[in-house]
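> model the following, please.
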Amino acid sequence: PTQFPAELLVRLCGFSFWCDVRRFTLPKSFDPAEFLPRYLRQRHDDARYLVSLIVTKMLTSDLDSRGCVRLTVANLRKIMHNVDCVDVIRELVENGAIERFPYVSHVHAYGYRLHKRFVADPLVEVPITDKQFLKRFEVRKADLQSSQNDQTQERLQPIHESLREMQNGLEIEDAAYDTLNDLPPNNGRTAAEHELWKTAQRWQIDRIKNKQFSFRIGTTGRVFNSICNLKRSLRPHLRLEGQHIKGVDLSCFQPALLAHLIQQQQSGSSSNRPHTHYDERKVYRSVNSDKFTELVQNGEFNDFMSKEVERYGVCIKNCKKRFLVDVLAKRGSYHSEFEELFRKLFPDVHGFVRHFNRMNPAALIRRLQELEAEFVIGVVSPQLRQQHPDFTFLTLHDAVFSAATPVVEQAFDDACGHVGFKFRWKVEQ
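The predicted model follows:
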């Protein structure tokens with residue numbers, strides 16, 4: 001396997017919030033001296049780190065349903081001063097720099113948000129000045145790199161460096177700011193949450209305009225770049241090498257990946273088959289998924305489920321989300337009308353899902369994300385680079401964005417032949 005240098009591993013595999021250039025990313029008007037008392041004047045970099053961490057997680061949409069960043073004091077103390085960490089957090093909360101939300105027991109963390117006073121601020125980079133903080137910072141960074149390098153080497157492929165470099169041609173029009181300002185509030189957000197969300201989106205636009213691109217490879221092989229967290233309605237303002245781009249997006253992709261996985265398990269071609277005390281080949285080969293497979297390969301699964309929900313008189317909105325939450329990655333034993341309907345329509349497929357997730361409710365969704373990365377990053381992207389060396393494109397999980405969609409569609413078609421499963425796709429308008 002290809003061995004990649006350590007500096008490339010750092011650049012590609014997710015140490016962005018460690019500020020590799022030893023700088024914090026902060027709202028322009030944030031000044032620790034305004035919020036910390038004199039006895040904490042040596043902990044200004046600790047305050048900058050906490051606010052910078054919240055900003056970074058806002059940029060990557062690593063937030064809960066209320067738009068909060070969940071942080072544990074135990075992890076913060078690995079970089080912030082062990083004794084004064086709690087005092088720094090308390091002063092920032094009480095003096096109006098950040099907001100803190102109730103403790104959540106199952107994640108062992110409080111929720112944090114920037115105060116609304118910073119929503120109009122641009123972002124600036126501020127260097128680390130505290131030598132003791134920098135020492136803790138470097139030790140923690142080295143520990144993380146050491147623990148993750150072996151896994152990173154396994155995930156990295158030569159195509160990843162090409163995908164990172166192609167971002168250099170990414171631009172966004174000034175009109176994106178006007179589109180963002182005109183977006184109405186989401187029904188699930190309060191006015192304050194909506195303003196913070198718009199702030200994070202504006203910062204995303206700023207960073208693209210300033211050529212401050214992000215690139216990270218997740219643990220399942222997914223690639224996270226600068227367009228991953230950009231609102232869909234802002235994408236028409238994107239340019240790549242000066243040209244408008246459109247996305248070729250795989251239809252019903254998660255259900256289709258599930259059908260593909262069942263096919264793999266039945267043929268014995270997957271090395272990720274879960275293990276039990278009895279012969280699973282018999283279990284998987286007995287799964288009758290023909291109707292399910294036909295629907296997902298035709299891109300009709302979501303429409304079919306919506307019609308069935310209406311026909312059975314079940315009060316369910318957003319079937320696509322319910323399939324993810326209540327079927328693919330269901331946690332706990334709560335009653336779900338959507339799951340009951342799915343089990344009634346596709347009993348063997350439902351049984352497969354429950355069996356796969358029997359030890360870990362996240363097992364199946366992780367495996368589907370791995371299959372997604374294997375298809376888009378491992379097959380489609382290298383094929384595009386090999387057949388069209390001068391062709392530039394960006395990936396967005398199950399989609400590929402470029403100025404020439406027919407080229408991408410042909411690559412998808414060829415990749416389907418390569419993996420032995422027919423997916424369906426559409427061009428994002």
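> going by C-alpha atoms from here, please, whenever you check contacts or count neighbours.
Will do.
> need phi/psi at the nearest residue to A120 once chain neighbours are set aside.
With sequence-adjacent residues excluded and distances taken as C-alpha to C-alpha, 6 or more residues apart in numbering, A120 is closest to T199, at 7.0 Å. Backbone torsions for T199, taken as degrees, to the nearest 10, come to phi -60, psi -50.
> verify the contact between T199 and K116 for me.
No - at 9.6 Å, T199 does not count as touching K116 under the criterion of C-alpha atoms under 8 Å.
> neighbour count: the two, which is higher?
More crowded of T199 and K116, by other C-alpha atoms under 10 Å: T199, with 21 against 16.
> find me the pLDDT at that one, would you?
With respect to pLDDT, T199 scores 89.
> so the most centrally placed residue in the chain, which of the three states?
In the chain, the residue lying closest to the centroid (C-alpha atoms, centre = their mean) is F224, at 6.3 Å. For F224, the assignment made with DSSP: H, G, I helix; E, B strand; the rest coil gives strand.
> picking up where we left off before, for the residue nearest to A120, give its distance to L240.
Per C-alpha to C-alpha, to the nearest Å, T199 is found 24 Å from L240.
> hmm, back to that, which pLDDT value goes with the residue nearest to the centre of the chain?
Per the predicted model, pLDDT is 90 at F224.
> go on, P5?
pLDDT, read off for P5, is 47.
> the helix or strand containing H260: which residues count as buried?
Using DSSP states H and E, H260 sits in helix 253-267. Across helix 253-267, burial judged by 16 or more other C-alpha atoms under 10 Å covers 253-266.
> now do that helix: which elements does it pack against?
helix 280-285, helix 290-297, helix 363-375 (3 or more C-alpha pairs under 8 Å, 6 or more residues apart in numbering; DSSP states H and E).
> and these, which one's lowest on average pLDDT?
helix 280-285 (a mean of 47).
> hang on, the earlier thing: for the residue nearest to the centre of the chain, name its beta-bridge partners.
Here F224 sits in beta bridges with R216, going by DSSP bridges.
> contacts only, for it.
Neighbouring residues of F224 by C-alpha atoms under 8 Å, 6 or more residues apart in numbering: 214-218, 396-397.
> as TSV, those residues with pLDDT, neighbour count and distance to L324 would be great.
Shown next, in TSV, are those (pLDDT from 0 to 100; neighbours: other C-alpha atoms under 10 Å; distance: C-alpha to C-alpha, whole Å):
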residue	pLDDT	neighbour count	distance to L324
S214	86	20	27
F215	86	23	26
R216	85	21	24
I217	87	19	22
G218	85	17	20
L396	93	20	19
H397	91	20	16
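> dump the residues you listed to CSV, plus distance to K57.
Shown next, in CSV, are the contacts of F224 (distance: C-alpha to C-alpha, whole Å):
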residue, distance to K57
S214, 12
F215, 14
R216, 13
I217, 16
G218, 15
L396, 19
H397, 19
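> farthest pair in those?
Pairwise distances across the contacts of F224 (C-alpha to C-alpha) peak at 14.8 Å, for the pair S214 and H397.
> quick one: what helix or strand has R239 in it?
strand 238-240.
> swap that for V248, sorry
Secondary structure from DSSP H and E places V248 in strand 246-250.
> which helices and strands sit right next to that strand?
Partner elements for strand 246-250 (3+ C-alpha pairs under 8 Å, 6+ apart): strand 399-402, helix 405-419, strand 425-427.
> deepest in the core, which of those is it.
Mean neighbours per residue, mean count of other C-alpha atoms under 10 Å, is largest over the helices and strands packed on strand 246-250 for strand 399-402, with a mean of 23.
> tell me what that one is packed against?
strand 246-250, strand 394-396.
> give me the mean pLDDT for it.
Strand 399-402 comes out at a mean pLDDT of 95.
> extract the CA atoms of stretch 338-345 and return them as CSV.
Extracted C-alpha coordinates of stretch 338-345, given in CSV (Å, rounded to 0.1, in the frame of the first residue of the first chain):
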residue,chain,number,x,y,z
PHE,A,338,-43.1,4.1,10.0
GLU,A,339,-41.0,1.1,11.1
GLU,A,340,-44.1,-1.0,11.5
LEU,A,341,-45.2,-0.1,8.0
PHE,A,342,-41.8,-0.9,6.5
ARG,A,343,-41.7,-4.2,8.3
LYS,A,344,-45.1,-5.1,7.0
LEU,A,345,-44.1,-4.2,3.4
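> residues of that stretch that come out buried?
Buried, per 16+ other C-alpha under 10 Å, within stretch 338-345: 338-339, 341-342.
> redo those as TSV? Include pLDDT, distance to K317 and secondary structure.
Shown next, in TSV, are those (pLDDT from 0 to 100; distance: C-alpha to C-alpha, whole Å; DSSP: H, G, I helix; E, B strand; the rest coil):
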residue	pLDDT	distance to K317	secondary structure
F338	91	10	helix
E339	92	13	helix
L341	91	14	helix
F342	93	15	helix
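> quick check: end-to-end length of stretch 241-250?
Counting by C-alpha to C-alpha, you get 24 Å between the two ends of stretch 241-250.
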